[in-house]
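Participant: Sequence plus predicted model, see below.
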Amino acid sequence: MRTMFPKLLICDEPASMLDVSLKANILNILREMADERDIGIIYISHDLASLTQIANRLAVMYLGRVVEIGATDEVVGSPRHPYAASLLSASPKTDPSTDRQRMLLPGEPPNPIELPDGCNFAPRCPKATERCRQEDPARSAFKDGGHEAPCHFPVEDVETELLAEYAREGEHVEVQQVEDESFEETAEEA
Ligand code: SF4
């Protein structure tokens, strides 16, 4: 008798309620299974640590739309969409000795059935211009190999440029030092 394996596995928060060691075991099993059986995995999570452990490519979504996609190292190391940059800034630090600032987004996401004209993120984006409010950016408005983001004015340098942009809009954007708040909580708020 021949055992059949799926070609694609969709895992939606499969380890979110598990403790750290059990979570690591589950992720290792999934990785090994994927490598040995040549199975593709779509892993959906708010937990950036799990995602970086298991994913070769990472997609960040806002209002049901992919706002950044690329190799995991590139997206995490150099996010180009302001939403992705803000979200990633709120993830727990992998190196506790480093300082990092967290960008909190102003406002709430718009009603998904009454989306604004232009870029959906414009009402909350400190880089938004009139062009953003009128013209919805193409999915690959920013493109560098397999790294793409639908943004007219992609972030060039998160540490200086975007933080400066947020600071300039400081009356409605809070910038904080990151402590130990979870990525999940912030992602759910966003
Ligand atoms: S297109 Fe404009 S509003 Fe949308 S994310 Fe980029 S800079 Fe911000």
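Facilitator: Sure thing, it's come through.
Participant: Okay, and S140 sits in which element?
Facilitator: If you go by DSSP states H and E, S140 is not part of any helix or strand.
Participant: what does the model give it for pLDDT?
Facilitator: S140 carries a pLDDT score of 94 in this model.
Participant: same question, the one 4 residues further on
Facilitator: Among the per-residue scores, D144 holds a pLDDT of 96.
Participant: and it, what are its phi and psi?
Facilitator: phi -140, psi 90 (degrees, to the nearest 10).
Participant: got it, and the one 4 residues further on?
Facilitator: Dihedral angles phi and psi of E148 (degrees, to the nearest 10) take the values phi -130, psi 150.
Participant: Compute the number of surrounding residues for it.
Facilitator: 23 (other C-beta atoms under 10 Å). For glycine as for every other residue, the C-beta is placed from the backbone atoms N, C-alpha and C.
Participant: Now it: closest residue in space that isn't a chain neighbour?
Facilitator: Nearest residue to E148, sequence neighbours excluded (C-beta to C-beta, 6 or more residues apart in numbering): S140, at 4.6 Å.
Participant: what's the distance between that neighbour and G77?
Facilitator: When C-beta to C-beta, to the nearest Å is the yardstick, S140 and G77 sit 20 Å from each other.
Participant: now swap in A71 and tell me
Facilitator: Note on A71: its distance to G77, by C-beta to C-beta, is 9 Å.
Participant: same question, D136
Facilitator: For D136, the distance to G77 - C-beta to C-beta - is 27 Å.
Participant: quick check, V76 in a helix?
Facilitator: Yes. Counting by DSSP: H, G, I helix; E, B strand; the rest coil, V76 is found in a helix.
Participant: Next up, the contacts around it.
Facilitator: L48, T52, L58, L88 (C-beta atoms under 8 Å, 6 or more residues apart in numbering).
Participant: near the ligand, from those residues?
Facilitator: For the ligand, no contacts are drawn from these by C-beta under 6 Å from any ligand atom.
Participant: Quick one, which of those are buried?
Facilitator: Buried by 16 or more other C-beta atoms under 10 Å: L48, L58, L88, out of the contacts of V76.
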